[in-house]
Structures are given as C-alpha cells and as structure tokens.
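Enquirer: The following block contains a protein sequence and its predicted model.
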Amino acid sequence: MSDLIRKNASELVELLNNGNVSSVEVTQAHLDRSAAVDGAVHSYLYQNPETALATAANIDRRRAAGEKLHLLAGLPIAVKDNLTTTDAPTTSGSKILEGWVPPYDATVVSKLREAGMPILGKTNLDEFAMGSSTEFSAYGASHNPWDLDRIPGGSGGGSSSVVASFQAPLAIGSDTGGSIRFPASVTGTVGIKPTYGAVSRYGLIALASSLDQIGPVSRNVLDSALLQDVIAGHDPHDSTSLPESLGSMAEAARKLDVKGMRVGVIKELMGEGFQPGVMARFNESLNLLQQAGAEIVEVSCPNFEYAIAAYYLILPAEASSNLAKFDSVRFGLRVAPEGNPTIERVMAATREAGFGPEVKRRIILGTYALSSGSYEKYYGAALKVRTLIQRDFDAAFAKADVLVSPTAPTTAFKLGEKLDDPLAMYLNDIATIPANLAGIPGMSIPNGLAEEDGLPVGIQILAPAREDARLYQVGGALEKMHEEIWGKRMIDFAPELEVRG
Amino acid sequence: MSEITPDLVRHLAGLSRILVTDQEVEQFAEQLSLIADSVATVSAAIEGGHVPATSHPIPMANVFREDIVEPSLTQEQALSGAPDSGDGRFRVAAILDEE
Amino acid sequence: MAKDELMNYEKALEQFEVVIGLEVHIELNTKTKMFCGCRNEFGDEPNTNVCPICIALPGALPAVNRKAVESSIAIGLALGCDIAPNGRFARKNYFYPDLAKNFQTSQYDEPIAFNGSLEVEIPSGAVHVIDIERAHMEEDAGKLTHIGGSTGRIQGAEYSLVDYNRAGVPLVEIVTRPVFGAGSEAPELAAAYVRSIREIVKGLGVSDAKMERGNVRCDANVSLRPHGQEKLGTRTETKNVNSLRSIERAVRYEIQRQAAILAKGGSIIQETRHWHEDKGATSSGRPKSDADDYRYFPEPDLVPVQPSKELIESIRATLPEKPADRRKRLQNDWGFAELEFRDVVNADLLDVIEETVAAGAKPQSARKWWSGELARAANNEDKDVADLAITPIQVAELASLVEAGKLNDRLAREVLTYVLAGEGNPAEIVSARGLEVVSDDGALIAAIDAALAKQPDVLDAIREGRMQAAGAVIGAVMQAMKGSADAGRVRELLIEKANA
Ligand SMILES: [Mg+2]
Ligand SMILES: [Zn+2]
C-alpha cells in the first residue's frame, strides 16, 4: 500500500504545497487503492478517474506556474452521492435517479472545484439518506473495512468506509439524524455535523430540509477542520444558511487545550441499552478530559426521551413533500403502468418501481403525520417537542461549554441483522438525533475499541449553535491524548484489507 | 392498537402517488402501526402547558433575494433529464382517463 | 357538456339570497420569479426561463424575491389590511404535472396581509363594502398544452406538454369574506370588485393587470340560500373567468343553475366549475381527489418574513390615492355629468382619459375620443382600449389639432385611422398626407365664388337672415375641396360677402 494514502490530509496538504508530491500522484494513489479494495468495500457508486486526474494535472500545472492556490488545492476528495455534480451521475442511492446527470453543481461541490480539489467519486448511501447502515441503497450495501460482514453505518456508509479504507483522505457527508456521526463511530473515523446553516444545502438532495446538514468526514480532527473551512459560509441560494462566518475551524483544532472547559455529560445518553465496551471507553475519555484540566459536570435532558419519536415524525413529513418531485416528468425514471397510462398512474407506477421499501414506508408515514386529521397530534406535537429539546440544550449549555455522550449505543452490527426491524434500526440514532432537532453542531471522533468485539466506538461532542470551533478544540485535544496513549492513530488498528491483485 | 389500517395505507399511498400491492399494504399497515404507536408519545411530552412549535432550528427572518435576473438553463439543459419531451416541452401521459 | 337547467333570473332572486366570495390572483410584474432569478416574462420560447429551482430539480432551494414581498405589502396596505408581523410560507401539497415540486409554495395560516376592506361602487351607483379576509403570496404553476383529441382541451387528449416558464411567477391571492346583500346586483358587484382590484394594483404599479393575459384571474364562489335561512348554502367555485364581462355572466349563470337545482329539491355539489366563454356556461371541473387534504406545513426551506414597522410605513407613504377618492377627484376636475362619468368608469376609460388630459386635452374632448371612435375601434379589434396602437399623448395631439381648427371632425377621424395603422403622430400624418383643413382665404373665396355662381340666390337668403341657405354653399365648397375646407371660415367669408 502506498504511503501516501495512509497519510492524514493535513500531511498531504503540506507535501503538495511544498511541491514534494504532485496532485496527480496523490490522486492516482487513491484511485489505485479503490481499484484494489472497492470491490470488497463498495464505497463508491461512481468513479471517473479521468476527470479526477485532469483536475489534479491542472492543479499541478498551475502550481508549477507559480499561481497562488487554495491551501487544499490538489487534495482529492470523495463526495456523497446526494450532492449534485455536473460531471457525474447523482442518484442519492435510488433507482428513481439512476443515471441522472444534473445540469448544476451543488454549492459545496462548486466550492471544492474552486479550491482545486479533485473529486474521486460519488459515495454510497441509504436511498435518499434514509437509513443507518447503507443497506437501503438501491445499489447494494457498503461494507465496514474493520469487518466486511458488518455495516459501515448510514446513511453515509460510503463516505465513512471510503476514508476508513484509505480510498480517500477526505469525504463529504450529510447528516439528518446522525448520518455522518454514526458511520464515523462504527468505522473509527471522524465526522462532523456543523451548525444547521453553516454549510449551504443548495444541491443537496433534500431528505428533511430542517434537519439536513452537510459536513466533513476524515480520519483526523484537523483534517475535518480544514475541510469545514472550505465548504462553510453563507450562500444566497440557501435562505437558511447562516449569514455570518463561524471562524477558522483549523485554528480551533490546533489549540489542543481543554483547560478550564466545562464538559457536560448527558445523563440520559448512557447506561441502559449502551454496550459495555462503549461505556467503558466513554468513561476513560471523561477521565482523560478531566486530567487535561476540564471540569466534568452532569447535565440532564429529560425530553430526549421524545427525540426519536419527534424525529420520526418531522423527517418523514418533510421527506414526503421533498420527494414528491420524483414524478417521472422532468428527470429520472419513468415506468409505464399496466393498462391505460394516465399521468397519475404513470407517477404511481414510477414511484412504486423507483423507491425502495424504506422510502415508501417513510413517505406514507409522513403523509399520515401531515394529513388534516392527524397534524396536531403528530406533526404539530413533534414541532413542540423540538422546542422542548432546544430548551433542554439551553439549560445544559448554561452549565457546560460542550456536552459529550457515546455517539452510538453499539458498535457496528452485522449486515442484515436489523433490516426487517425498522424500529430497532431507528434506535441507533438515539444520541445523534437531538443535535439535528436543535440545529446544534456535533462531532464524532474515534474513542477506542470495545473489548467484547474489538470494533471501534465513538464519542460524540456537542456544542451550542454557531460554536462549532469548540468541537474542534475539544476533539483535537482528546484525539491527541488518545494517540499518545495508543501510540498510533485509531485507524492504524484496523485490519489490512485483502487487496485484489 | 393498530391505528393504521390497510385501507388507510391505501388512501395514504394514493395521496402520495405510490402504487402498492396488497402484500405491501398489509406489511406497511403493521409496521406503520408500530411506528405510529411509538411516535404518539410526542403528544404526552407536551401535555399541559403551552409549548410553541419550532419548525426551523436556527431562528432567522427576512432573508431575501434582490429582484435581479440570473441566467436560466437553456431549453436543452432543462429538458436533458426528461424521460420524454417534444416541442421544447416536457411530455406527459394524458391527465384524464378516456371517457 | 350536458346542458344545465336554468331558472329565470328574477325568479331565482325572489326565492334565494345570493352569497358570493371572490378569490383574485394577481400576477406581479417583478423582473424575476418569486423564488428564483429566472425572468418573469410572458410569451417566450417554452422552458427557456427556467432553472433548477423552478423546474424542481433535486437539490434546488427557493430564495424569496424582496420586490415581490414589498409589492404584496403594498397590495395589502392598499386594501386596508393589517400586515402580519410574522408571515410564513407554507407548502400546499398536491400532485399535478404543472406543479414542478408537486407542492405549491404558498402561505397558509400566516398570510402577509389580512383583515382589509374595499369600497366598491356598482353601475347602479350603490356602494358596497367588501371585507377582505387575507392577501397572501404564492407562486404560479406551469402551462399545460393538451395534444390530441378534437378540442385541444384536457378531455380526450392523448398526451400533454408542460412549459414551466410561468412556474414560479409571483402571485398575490386576495380572498374576500362572504359577500351578502348584493341581491340581483351580485354579478355586477363581482365584476366591479375585480375592476377595483385591477385599478388598485395598476395604480400601485405592481402588476400589468391585464386580464386577457392572466395577470388578474378571478375564481368566483357562489352559493344560494332561501331568504331568512342563516346557514350558508353549498358553494361552487368557478374558475377560468378572464374578463370582467365573463365574471358577471358566470356569477349570473351559477345563480340561475343553482336555483333550478335547489328549487327542485336537489343539492349543490361543492366543486370547482369552469367557465366557457363561447358557450356562456359553466361546467363541472375535474373533481380533485386530493383536494380535501393539502397537508399544509411550514416551508422548511424558507425563513419567516417579518416586515419592520419602518418598512411598512415607508411603503404606505408611497401608496397612490384610493380608487374611490380618485374617482371623486377626477369627476370634480373634469366636470362630467354623473351618467357620463359612470359610463367612463364602466368602460375602463379612467386611466386613458386621465393621461390624455394630462397631455393637454380638454376633458370632454378626451372623453369624446376614447368613448367614441376609440372604443369602437377596440371593440372591432376585440381588445382593451388601452391596448390600441395609439397613446393618450397622440389623442391629445389630435384633439389640439381640432381645437386649433387645423382639422375638422371628418379629417380628425381619418387621421385617427392612420395613427392606429401605425403611420405616426397626428401632426406628422397631417403634413405627410396633406390633410390640413384649408383656411387660406384665397382658395376658399375662389371655391365660394364658384359655388355662388351656381346658386346665386344664396347671398340674398343670408341677408334676409335665412342662415340655413349657407349650408348648400358650404357643402359645395367642402365637396370641391375634398373635405379639407375649414367650414367655420367658409361660413364667415359667406357672411362677409353677403354683408359687403
Ligand atoms: Mg392559492
Ligand atoms: Zn427559475
């Protein structure tokens, strides 16, 4: 395996900027890695080596010509396939969009292009990001590089597995209820859901508009910080994007200091239902933070009890409306119905054939939650629970600068294990969902291995809205302490993948 | 306590333009009843006391675009993803059934 | 289309009280659409004013047009509404191929303006106060063309084509509360109300307000109830009424149709009906299966609209005077008789006459031209007078030429036809075609002498005070000079001659 692919993004940035390595070399190394392992991992839905290499070559040429380039110019990246790209099909993991090449780039994709970052490919996801395992992708599940029989988390299992298997130094994910953080937790990688509105959603194929947020995926805190600094910022095309800058995340990640910080432990997100190894590693990290000078306080968020219920009303409701545009008229699949084809029947037949069972389930549930008889009981009530959850966070952040919890109750489960039990699947997101409901930023970083199965566990750090920098400061500090204790990065514990000749 | 009956599933599927087989109707009715029961707890959370609704997580207001023309797609680009088109337009099956 | 049974109108009103409700959609004349930067333009090549937002490509997001919001506030204020301190957009969910997202971004329980009222005068002179429930912002849908079948209508079509150029054009929907008490004048009141709304939005400059282009669209709700009954009857909503005259006709038709059904003990189906101008009848619209449940919810891709007091007041300060005030002022300024003025209002001539007077014409001559020759020309061409190929400035110029004696009536009418044909301004046409009246005494005297030679008795008759006799000579002079003689001058010269 080439050294290059094992390096952190920040190291590659330095090598590229110093001219020690070319973008073509870095890009080619990652493409070679994909050729060798992606048959087994299945992180990508689409790759076009030529366009990636062309971008790389162009950056190398411009650098050679002495042009002032973006710090991350030449560093390749993978993009979740629910972001529109003009030079690659964008499917959102659904048959209904098979082969669709959008006529416009998502704002985040434009920013990557402006920075001169070659796009290695589009990563796999649960169909329309609905799921926690990528098993609901219409194009087959992705696999966890730590154990190919296990899930890489979801919905962004393509992005987590792509960095965990060294096919890309960085990836873009999207997080509606934990779709960046849960996959990070189970693949031993770093994932951040920024404050709602910190990153433009323009060009992100919407799942639930008021919950969706795009964020970075990497193997290292600083690397994610560098990426958030590229993709964040106000976008006039997204009316919900924050008008103000949240400052430099890279700067925060380099502070490596938690002295005097108050770290709140959320009482409701531990104990029952959480795997012993998950809790053991969590408690060890609390000790580390304390030793580093942080003050540990306990906080209570009593309304988190209702978070999953509120989430599984708000999400399907918004999704049922967002997905109405998939109607066979302007783009995507069209299926002829049996018998007399009226537009109504064509739409119904297309949506029957084009959507998978989880998508249909959620659309029907969302339609129900919004219908006139049940709006107040379901959707209306869920929006009120959202207020209660925000109040819980407000109270907790009055006592603490950041909050922590395990990212997920368990390590990666086996492929197929929860496929027929939607409710069990939904429970994976118990710790991540509250942040989406409240719009606050959250990060998951590697937190060691659970002794019972030897698989990665993650710790989640949460901060008040707009205080994303605190995540990077605390995450960076904890990561450094971990690596000092472990003697290496956590990803270096991952077993070697069998490489195809 | 299955609040979501097969007939309701059929109605909801119709509203959301999804053709469903009888088998799917049964399966969805069962699964959705379970989900509906479990999410019904949201009503319990807000019982007593007035709680305002939050539909947008970060409070913001008055975000406007100036009334300035931006480039549109070309007709070719607009129609590029269409399953069927003609005469510069998107073509769709008849809206009404033949009488 | 099955033929409806209709009750005699007077009889219907004897038996039933009419309740109407009106929903008027105003297309704003912003440069761009409601939620994207595409041109808000009528009549371009299909699907050329579209972008990922207005054709609802996956990933696209809306952004609100500031001008459209300000125009909506202006409309609200002009209708005497309160402006919501916190307005919000909502999604109205239903599937239809002209609706790209399969939801309309509209407003539901938090419209931008509410609780207004409008004084409306009907042709009889009665004034009604119409309560406005709300005015809200929303977006227009695309345009469907139905292909195949014999009629080009949706029925029997083989397939349809969709053009989304109009999709996303900003609309303001103005909804009245139920209107009672108009009695037999309900149809006139409906039309007069829409005329007032048109005047208001035109006066505000926020819409082109052309009904034939769909800038102003009216859905008319009509219900009947037996006199004395409190409960409202079942209403129908008639769409597709795109002229003031059809509003009047459609409401009258529905009154007669519903009365016939109710009188027989039948019941009215709550439904959408379509007005057919050619047949002068309404027909049952497609019953929308989803219509009972639009699953409204707050639009999560947009943030609330919270107009500040300062903004509202600054818009209020720019409002033009109210239509009723304006009418009073104009009638006063122009000195028109009651009936003359009402005719002008009913023929929609206020604007053009005002502009013509502003360009220097006397009010009565402006009225004469617009309600006479020009109204006839518009009628022949089947368009609004305002759309004729003549400007108020040109009419004023024509009037001043007549005033100055350079044109007589006959010549002026002739010049008018050339202006309408696009030959230029009246003065240019007069000189290009040599149409000016001849008041050159030499030429006139020669013609008079020639005429007198054939009718030598005329001078005696004039001397005896029989002025009618002059007519024969004036006619002959006119004929000899192909109508270009200044008749007044001819008369003067004749009298001079007789008294010489
Ligand atoms: Mg409407
Ligand atoms: Zn557009």
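Expert: Structure's in. What do you need? Residues are numbered from 1 along each chain as shown, chains lettered A, B, ... in the order given. Ligands and ions are numbered 1, 2, ... in the order given.

Enquirer: Strands of chain B, start to end?
Expert: Counting by DSSP state E, chain B has strands at residues B:64-65, B:85-86, B:89-93.

Enquirer: Disregarding residues adjacent in the polypeptide, which is nearest to residue A:371?
Expert: Closest residue in space to residue A:371, ignoring its immediate chain neighbours: residue C:293 at 5.3 Å, by Cβ to Cβ, 6 or more residues apart in numbering or on different chains. Glycine gets a C-beta too; all of them are placed from N, C-alpha and C.

Enquirer: My read is that that neighbour contacts residue A:372, right?
Expert: Yes: with contacts counted by Cβ atoms under 8 Å, residue C:293 reaches residue A:372, the gap being 5.2 Å.

Enquirer: More neighbours: which of those two?
Expert: It is residue C:293, of residue C:293 and residue A:372, that has more neighbours when counted by other Cβ atoms under 10 Å in any protein chain shown, with 18 against 11.

Enquirer: what residue ranges in chain A are flagged as low confidence?
Expert: Along chain A, segments meeting pLDDT under 70 span A:1, A:500-501.

Enquirer: Could you find the residue nearest the spatial middle of it?
Expert: For chain A, residue A:180 is the residue whose C-alpha lies nearest the centre (Cα atoms, centre = their mean; 2.1 Å).

Enquirer: Between the two ends of stretch C:225-239, how far is it?
Expert: 22 Å (Cα to Cα, to the nearest Å).

Enquirer: what do you get for stretch A:318-337?
Expert: Start-to-end, stretch A:318-337 (Cα to Cα) is 27 Å.

Enquirer: That stretch near ligand 2 anywhere?
Expert: No: using Cβ under 5 Å from the ion, stretch A:318-337 stays clear of ligand 2, with a minimum separation of 12.5 Å.

Enquirer: do that stretch and chain C meet at all?
Expert: Yes: Stretch A:318-337 reaches chain C (Cβ under 8 Å from any Cβ of the partner chain) through A:318, A:320-321, A:324-327, A:329-331.

Enquirer: in stretch A:452-459, what counts as buried?
Expert: A:453, A:455-459 (16 or more other Cβ atoms under 10 Å in any protein chain shown).

Enquirer: how far does it sit from the chain's center?
Expert: Relative to the chain's own centre, stretch A:452-459 is displaced by 18 Å; criterion: Cα atoms, centre = their mean, to the nearest Å.

Enquirer: can you map out the helices along the stretch 151-300 of chain A?
Expert: A:157-164, A:181-187, A:221-231, A:249-253, A:276-291 (DSSP state H, counting those that start in this stretch).

Enquirer: can I get the ones you listed in TSV with distance to chain B and mean neighbour count?
Expert: Output for the helices of the stretch 151-300 of chain A, formatted as TSV (distance: least, Cβ to the nearest Cβ, whole Å; neighbours: other Cβ atoms under 10 Å in any protein chain shown):
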stretch	distance to chain B	mean neighbour count
helix A:157-164	23	36
helix A:181-187	16	35
helix A:221-231	17	27
helix A:249-253	18	23
helix A:276-291	23	17
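
Enquirer: who wins for proximity to ligand 2 among those helices?
Expert: helix A:221-231 (24.5 Å; Cβ to the ion).

Enquirer: Tell me which of the strands of chain B sits most buried.
Expert: strand B:89-93 (a mean of 24; mean count of other Cβ atoms under 10 Å in any protein chain shown).

Enquirer: For the biggest helix by length in chain B, which residues meet the burial criterion?
Expert: Counting residues, the longest helix found in chain B (DSSP state H) is helix B:22-39. By 16+ other Cβ under 10 Å, the buried positions in helix B:22-39 come out as B:24-25, B:27-29, B:31-36, B:39.

Enquirer: Among these, which one sits closest to residue A:196?
Expert: Using Cβ to Cβ, residue B:39 is the member of those that lies nearest residue A:196, at 22.0 Å.

Enquirer: Once you drop chain neighbours, what's closest to residue A:419?
Expert: Using Cβ to Cβ, 6+ apart, the nearest residue to residue A:419 is residue A:135, at 5.7 Å.

Enquirer: same thing with residue B:57?
Expert: Nearest to residue B:57 is residue A:439, by Cβ to Cβ, 6+ apart, at 2.7 Å.

Enquirer: neighbours of the one you found, just the number please.
Expert: 25.

Enquirer: Tell me the backbone dihedrals of residue A:381, please.
Expert: phi -70, psi -40 (degrees, to the nearest 10).

Enquirer: centre of the chain versus stretch A:261-276, how much separation?
Expert: With Cα atoms, centre = their mean as the basis, the mean position of stretch A:261-276 lies at 22 Å from the chain mean.

Enquirer: which of the residues in that stretch are buried?
Expert: Neighbour-count burial for stretch A:261-276 [16+ other Cβ under 10 Å]: A:261-266, A:268-270, A:274-275.

Enquirer: Could you list the domains of chain C?
Expert: C:9-315, C:321-433, C:441-499 (automatic domain parsing).

Enquirer: For residue 16, grab the count of nearby residues.
Expert: I went with chain A, as the question did not name one. Residue A:16: 25 surrounding residues under other Cβ under 10 Å.

Enquirer: I was after chain C.
Expert: Residue C:16 - counted by other Cβ under 10 Å - has 21 other residues nearby.

Enquirer: Find the helix or strand that the closest residue to it other than its chain neighbours is a member of.
Expert: Among residues not flanking residue C:16 along the chain, residue C:224 sits closest, at 4.0 Å (Cβ to Cβ, 6+ apart). According to DSSP states H and E, residue C:224 maps onto strand C:216-226.

Enquirer: Over to residue C:22?
Expert: Going by DSSP H and E, residue C:22 is in strand C:16-27.

Enquirer: Report the distance from that strand to the chain centre.
Expert: With Cα atoms, centre = their mean, you get 17 Å for strand C:16-27.

Enquirer: what's the residue in chain B positioned nearest to chain C in contact with, if anything?
Expert: Going by Cβ to the nearest Cβ, chain C is nearest to residue B:70 of chain B, at 2.9 Å. The contact partners of residue B:70, taken as Cβ atoms under 8 Å, 6 or more residues apart in numbering or on different chains, are C:32, C:36-38, C:51.

Enquirer: ditto for residue A:468
Expert: Per Cβ under 8 Å, 6+ apart, neighbours of residue A:468: A:192, A:194-195, A:198, A:228, A:246, A:249, A:252, A:441.

Enquirer: In chain A, mark out all the strands, start to finish.
Expert: A:44-47, A:77-80, A:119-123, A:170-175, A:190-193, A:213-218, A:262-266, A:295-299, A:402-406, A:442-449, A:456-462.

Enquirer: tell me the most buried of these?
Expert: Burial of those is given as mean neighbour count (mean count of other Cβ under 10 Å); strand A:190-193 ranks first at a mean of 33.

Enquirer: For that one, list the C-alpha coordinates in PDB.
Expert: Output in PDB follows, covering the C-alpha atoms of strand A:190-193 (Å, rounded to 0.1, in the frame of the first residue of the first chain):
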ATOM      1  CA  VAL A 190     -14.100  11.500  12.400                       C
ATOM      2  CA  GLY A 191     -17.300  13.000  11.300                       C
ATOM      3  CA  ILE A 192     -18.900  16.400  11.900                       C
ATOM      4  CA  LYS A 193     -22.400  17.800  11.600                       C
END
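
Enquirer: if I look at the residue of the stretch 101-250 of chain C found nearest ligand 2, how far off is residue C:82?
Expert: Nearest to ligand 2, among the residues of the stretch 101-250 of chain C, is residue C:168, at 5.7 Å (Cβ to the ion). Per Cβ to Cβ, to the nearest Å, residue C:168 is found 27 Å from residue C:82.
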